[in-house]
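S.K.: can you look at this prediction? I've put the sequence above it.
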Amino acid sequence: MASTAAAAAAAPATTAKVSEVDNLLTKRVADRYLKREVLGEGTYGVVYKAIDTKTGQTVAIKRIRIGQQKEGVNFTALREIKLLKELKDPNIIELIDAFPHKGNLHLVFEFMETDLEAVIRDRNIVLSPADIKSYIQMTLKGLAYCHKKWVLHRDMKPNNLLIGADGQLKLADFGLARIFGSPDRKFTHQVFARWYRAPELLFGTKQYGSGVDVWAAGCIFAELLLRRPFLQGSSDIDQLGKIFAALGTPKPSQWPDMVFLPDYVEYQYVPAPPLRSLFPMASDDALDLLSKMLTYDPRARISVQQALEHRYFTSVPAATNPALLPRPPPKGESHPKVSDINQHDGPTVLSPPRKSRRVMPQRQGIELDGSANETRRATGESTGKSEEMPMSIDFSVFGSRPPPRPTINSSIFRGAILDKILYSRRYAQV
Ligand code: ADP
């Protein structure tokens, strides 16, 4: 990170003189970057493509409003900067620079051509088992690095997995990540886009660990195999209903701590359908790893390091070399996003809220969201062939525009008085 920028970002100016110096410094840093087109608008601000005039490098600048906006935004940005400064790995996005300018905080990242969501949704792309192995391996490598540094990502989802021109996949958007380690530290459980949220989070746990990232990575693995999001809940209750219909309702013997979780509700028992019925074309090794990543009890769930050592990664086919992976055209040149399916009614809450309510999925077993059947049916329909195609090359599920992916609600930060205090104290340290 440029030292001038770091210095400029370091402390709020307390006198007019310091403020002038600050302005000069940040202007000089800001002038270094030549803004080009807008790449997109994220949760906290606009992302621009830009050229670093000093190096000629193309970069992505995330502009985050500070000051007059919600305090949560500032704190989130702060977390991102602090964490990213410490994380350097081939599978982690590089933060090149950070500086305040005209009331906005600017984060300069290495420019990435595309992301895993675009890969998964691109109907022109065929993902072979070796390609899927490569993408999930890079995802796990980035996560393993985070976890080794005692950092949780906490917002794992395909559009936060960016892909560079060299095919390397990198974890991005550490807005929610935070250093963990103290055993009694309590976190907000409202993290993760809902579809990737672990069951302990959905049941309101206040203490969680790296298992939440493993669950999300498991959902991403499933999504690579299916070419559509695996468990698309429309509410937290519905999300649990979808999970249980796909993987079976957990018994207390399987997950002893479950019944003590703050938002635990009893769901009607649904037996687990064979995982093979949901992923007919996946290898035995892939299914074994997937089932270990999607284990209910976070204590029994496989760790990222163990996942990387799973025989899936040593068995044939070998993971594709990242440079040879199929990718969509770089952003700005891509065709419109295509879609998926899967909007169904969720489970029904029968009686009183909270602990005593009982939740019954309207559909059971593998028909939880119609996905398994729909996928199989659609495969034959779209290809005109009766034989099954591997799900990873099943284009037929991309019929209409996808539903918007649910994202975390930034209001969880807004209400956090502690966060505000921490922010005002700690902003000066960045
Ligand atoms: P969100 O907050 O919704 O996760 P972001 O703010 O991370 O979104 O990103 C907004 C848009 O900018 C997305 O289209 C994303 O792909 C793009 N983007 C973010 N970072 C980069 C980068 N380093 N290189 C290229 N595009 C990026």
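M.R.: Now that the structure is in, tell me what you want to look at. Quantities reported herein were computed from a predicted structural model and do not represent experimental measurements.

S.K.: next, find the distance separating residue 92 from the ligand.
M.R.: 12 Å (C-beta to the nearest ligand atom, to the nearest Å). Bear in mind the C-beta positions are built from the backbone N, C-alpha and C, glycine included.

S.K.: where does pLDDT dip in the stretch 51-200 of the chain?
M.R.: 66-80, 174-192 (pLDDT under 70).

S.K.: tell me which residue in it sits closest to the ligand.
M.R.: Distance from the ligand to each residue of the stretch 51-200 of the chain (C-beta to the nearest ligand atom) is smallest for residue 60, at 3.3 Å.

S.K.: also the stretch 1-150 of the chain?
M.R.: For the stretch 1-150 of the chain, C-beta to the nearest ligand atom, closest residue to the ligand: residue 42, 1.7 Å.

S.K.: for that residue, give me its contacts.
M.R.: Each residue near residue 42 by C-beta atoms under 8 Å, 6 or more residues apart in numbering is listed here: 62, 173.

S.K.: kindly report the same for residue 200.
M.R.: Residue 200 neighbours (C-beta under 8 Å, 6+ apart): 208, 211-212, 258, 261, 298.

S.K.: quick revisit: next, the residue of the stretch 51-200 of the chain closest to the ligand: phi, psi?
M.R.: phi -120, psi 130 (degrees, to the nearest 10).

S.K.: thought it was touching residue 110?
M.R.: Yes - judged on C-beta atoms under 8 Å, residue 60 makes contact with residue 110 at a distance of 7.4 Å.

S.K.: between these two, point out the one with more neighbours.
M.R.: Between residue 60 and residue 110, residue 60 has the larger neighbour count (other C-beta atoms under 10 Å), namely 21 against 16.

S.K.: what's the end-to-end length of stretch 220-232?
M.R.: Terminal residues of stretch 220-232 lie 12 Å apart, using C-alpha to C-alpha, to the nearest Å.

S.K.: residue 92 pairs with what?
M.R.: residue 171 (DSSP bridges).

S.K.: what about it, how many neighbours?
M.R.: Quick note: residue 92 (other C-beta under 10 Å) scores 22 neighbours.

S.K.: please tell me how far the residue of the stretch 1-150 of the chain closest to the ligand sits from residue 276.
M.R.: Between residue 42 and residue 276 the computed distance is 38 Å (C-beta to C-beta, to the nearest Å).

S.K.: repeat for residue 301
M.R.: 20 Å.

S.K.: quick one, which of those two is more surrounded?
M.R.: More neighbours surround residue 301 than the other of residue 301 and residue 276, with 22 against 11 (other C-beta under 10 Å).

S.K.: my guess is the more buried one meets residue 295, correct?
M.R.: Yes - here residue 301 reaches residue 295: they are 4.3 Å apart, a contact under C-beta under 8 Å.

S.K.: show me what from the stretch 1-150 of the chain comes close to the ligand.
M.R.: Within the stretch 1-150 of the chain, the positions near the ligand by C-beta under 6 Å from any ligand atom are 39-40, 42-43, 47, 60, 62, 93, 109, 111-112, 115.

S.K.: I'd like to know which of these are part of strands.
M.R.: 39-40, 47, 60, 62, 109, 115 (DSSP state E).

S.K.: neighbour-wise, which one of the residues you listed leads?
M.R.: Among those, the one with the most neighbours (other C-beta under 10 Å) is residue 62, at 25 neighbours.

S.K.: may I see the buried residues of stretch 148-157?
M.R.: 151-157 (16 or more other C-beta atoms under 10 Å).

S.K.: for stretch 200-210, that is, sorry about that
M.R.: 200-203, 205, 208-210.

S.K.: same check on stretch 270-288?
M.R.: In stretch 270-288, counting by 16+ other C-beta under 10 Å, buried: 270, 273, 275, 278-283, 285-287.

S.K.: thanks again, I'm all set now.
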